[in-house]
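*Asks:* sequence? don't have it. structure:
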């Protein structure tokens, strides 16, 4: 799976004319979006801007989504939620392989746990894990499916700052090894620009800004080049009051 | 300790407060030997009132009952209690032994146990089946839930006269009443646990592509088990309660009947033997359910352990 050409291969996700309203409120207003296979995309937006709604629609979790266009997604899609969503009555390994059938399920689960740094914890109960560990287990659960597309809905939003930085590194490593397309919904501008190669800002139910981040990895949170992208995104989000420094402090919107 | 404390912005609030306040990064002393103190020195620390109940006393459940028994024995021995009203513990034991050896007690106990067991089993089965049917399908819910809620509003013991007319005064009627008393709490708790399954887990099941059957088996049933056990314990208690009532008013055998007869002859010791056996039944069955619960729900960490 080394294709990273973009133009030649068909896009992993193709969305056109996607609309979703809740009562009289239109949250997604005819979204058009293509994501090439293997691209790491972050989706930013104010709370209530429809980030999660879009993600849920792509995941197929929204059973009432409408639109006259198309919504094409790959076969194997995994979702990581903001909470780890581990079933408390199943041990960690059993959670990771949930729904996975076949003889190799256990082996896949063990290797996924090893990849996220939870080797040896397979027999633990979820409530014995810390927040970061639980989220690692959730990542392992998504890896077990060898996803072509990984959807992550603010997966690190509930973690402390230090754990979040570690998880950023881990997610980027996993992406480099497996190269799925990633759509990361986040409200953290720094998180978006450190991780993603392309950042989208959702605004008034449409993609308001589509910004490619041309900075090689591994990226430093203090890279001045990145903070310029940060400024740009904050401006697009309408919260850039002070021109300097603001972006460095893990600004959450 | 004074060095650090005096450097603080505010005066140290309590004697022995050891926390350095407002030490900026530049002033941090080099700390080659690990943290502040060697382990031999006692660490002065802030006193915090402990609010948890602390460690459990050994065999703490038995202390209260043993105390009651002791008071009872002493009062009897010193003649403070009227033996006609409350006989001495040893009299009760002797009576129990006599009833057991002449065979009447064992017959009564078996009869009572059978009633409770049969009624309970029917009630448990009915409660579980109905709750599953109502909790897992909308049609089932529409048909069953309202009916059970209606049934629940009528006190079951109030049904006794009607059931005697329908089923006669034999065993069937007793099984029926016990079963109804048992099924109601089991149904109610299991049903609410089933319909209270976290929506987020439903999403998760959709994402990993569980079939409907898998979803029920892996998510719904295990998630509803804690609620089920609440109902189960209420059901067990209910079966003993209804048994007592049934046997004391409409029976010709069983523990309740034995006690009822004893009342006619003024045999308080026999009544107390019966009460003690009821108590043991309740205690043993409740402990049994609790033991199973602890095994099955071992994933839960609560304040209790």
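*Replies:* All right, it came through fine. Computed from a predicted structure; not experimentally measured. Residues are numbered from 1 along each chain as shown, chains lettered A, B, ... in the order given.
*Asks:* need the residues that contact the helix or strand hosting residue A:27.
*Replies:* Secondary-structure element containing residue A:27, defined by DSSP states H and E: strand A:25-35. The contact list for strand A:25-35 (Cβ atoms under 8 Å, 6 or more residues apart in numbering or on different chains) reads A:11-21, A:41, A:49-50, A:53-54, A:57, A:67, A:69, A:181, A:183, A:200, A:204-207. For the C-beta atoms, the positions are set from N, CA and C on the backbone; glycine is no exception.
*Asks:* do the same with stretch B:254-265
*Replies:* With contact meaning Cβ under 8 Å, 6+ apart, stretch B:254-265 is reached by B:99, B:104-105, B:108-109, B:111-112, B:115, B:243-248, B:251, B:268, B:270-271, B:274-275, B:277-278.
*Asks:* mind checking which of the residues you listed are buried?
*Replies:* B:99, B:105, B:108-109, B:111-112, B:115, B:243-248, B:251, B:268, B:270-271, B:274, B:277-278 (16 or more other Cβ atoms under 10 Å in any protein chain shown).
*Asks:* give me the subset of those that also touch chain A.
*Replies:* Subset of these in contact with chain A: empty, counting by Cβ under 8 Å from any Cβ of the partner chain.
*Asks:* those in helices, which ones?
*Replies:* B:99, B:105, B:108-109, B:111-112, B:115, B:243-248, B:268, B:270-271, B:274, B:277-278 (DSSP state H).
*Asks:* residue A:183 belongs to a helix?
*Replies:* No: secondary structure of residue A:183, determined by DSSP: H, G, I helix; E, B strand; the rest coil: strand, with no helix assignment.
*Asks:* strands along the stretch 51-200 of chain A, start to end?
*Replies:* A:66-67, A:71-72, A:77-80, A:149-153, A:181-185, A:198-203 (DSSP state E, counting those that start in this stretch).
*Asks:* helices and strands around the second one, which ones?
*Replies:* When you say that, I think you mean strand A:71-72. Judged by 3 or more Cβ pairs under 8 Å, 6 or more residues apart in numbering or on different chains; DSSP states H and E, strand A:71-72 is in contact with strand A:13-22.
*Asks:* taking strand A:181-185 as reference, get the angle to the strand it packs on.
*Replies:* Angle, strand A:13-22 to strand A:181-185, by axes from the mean of the first three to the mean of the last three Cα atoms, to 10 degrees: 30 degrees.
*Asks:* for strand A:13-22, what is the distance to the chain centroid?
*Replies:* Here strand A:13-22 is found 18 Å from its chain centre; the criterion is Cα atoms, centre = their mean, to the nearest Å.
*Asks:* quick one: it to strand A:149-153, angle?
*Replies:* Using the same axes, to 10 degrees: strand A:13-22 against strand A:149-153 is 30 degrees.
*Asks:* give the pairing partners of strand A:13-22; include direction for each.
*Replies:* Paired neighbours of strand A:13-22 in the sheet (DSSP bridges): strand A:25-35 (antiparallel), strand A:66-67 (antiparallel), strand A:71-72 (antiparallel).
*Asks:* the second one - what's its average pLDDT?
*Replies:* To tie it back to what came earlier, the one meant is strand A:66-67. For strand A:66-67, the mean per-residue pLDDT is 72.
*Asks:* do the longest one as well
*Replies:* Here the mean pLDDT over strand A:25-35 is 90, rounded to a whole number.
*Asks:* if we can go back for a sec, of the contacts of strand A:25-35, just the buried ones, PyMOL syntax please.
*Replies:* Selection of buried members from the contacts of strand A:25-35 for PyMOL, criterion 16+ other Cβ under 10 Å:
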select buried, chain A and resi 11+12+13+15+18+19+20+41+49+50+53+54+57+67+181+183+200+205+207
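*Asks:* about what we covered before: which one of the strands of the stretch 51-200 of chain A lies closest to residue B:283?
*Replies:* Ranking the strands of the stretch 51-200 of chain A by proximity to residue B:283 (Cβ to Cβ) places strand A:77-80 first, at 48.1 Å.
*Asks:* distance of residue A:172 relative to residue A:229?
*Replies:* 16 Å (Cβ to Cβ, to the nearest Å).
*Asks:* neighbour count: the two, which is higher?
*Replies:* Regarding residue A:172 and residue A:229, a neighbour count based on other Cβ atoms under 10 Å in any protein chain shown identifies residue A:229 as having more, with 21 against 18.
*Asks:* number of nearby residues for the residue of the stretch 151-253 of chain A found nearest chain B?
*Replies:* Residue of the stretch 151-253 of chain A nearest chain B, by Cβ to the nearest Cβ: residue A:151 (8.8 Å). For residue A:151, the neighbour count with other Cβ under 10 Å is 29.
*Asks:* how many neighbours does the residue in chain B that chain A sits nearest to have?
*Replies:* Proximity of chain B to chain A (Cβ to the nearest Cβ) peaks at residue B:208, 3.5 Å away. By other Cβ under 10 Å, the residues close to residue B:208 number 20.
*Asks:* quick check: phi and psi at it.
*Replies:* Dihedral pair for residue B:208: phi -90, psi 10, per degrees, to the nearest 10.
*Asks:* residues near residue 79, how many?
*Replies:* The chain I'm using is chain A. Other residues close to residue A:79 by other Cβ under 10 Å number 28.
*Asks:* I was after chain B.
*Replies:* Counted with other Cβ under 10 Å, residue B:79 comes out at 9.
*Asks:* which parts of chain B sit against chain A?
*Replies:* B:200-201, B:203-210, B:214, B:218-219, B:222-223, B:225, B:297, B:299-301.
*Asks:* let's see it at 10 Å
*Replies:* B:198, B:200-211, B:214-215, B:218-219, B:221-223, B:225-226, B:296-301 (Cβ under 10 Å from any Cβ of the partner chain).
*Asks:* how about low-confidence regions in chain B?
*Replies:* B:1-44, B:301-305 (pLDDT under 70).
*Asks:* what ranges do the strands span in it?
*Replies:* Using DSSP state E, chain B contains no strands.
*Asks:* which residues touch the residue most central in space within it?
*Replies:* Among the residues of chain B, residue B:233 comes closest to the average C-alpha position under Cα atoms, centre = their mean, at 5.3 Å. By Cβ atoms under 10 Å, 6 or more residues apart in numbering or on different chains, the contact set of residue B:233 is B:185-186, B:189, B:285-286, B:289-290, B:293.
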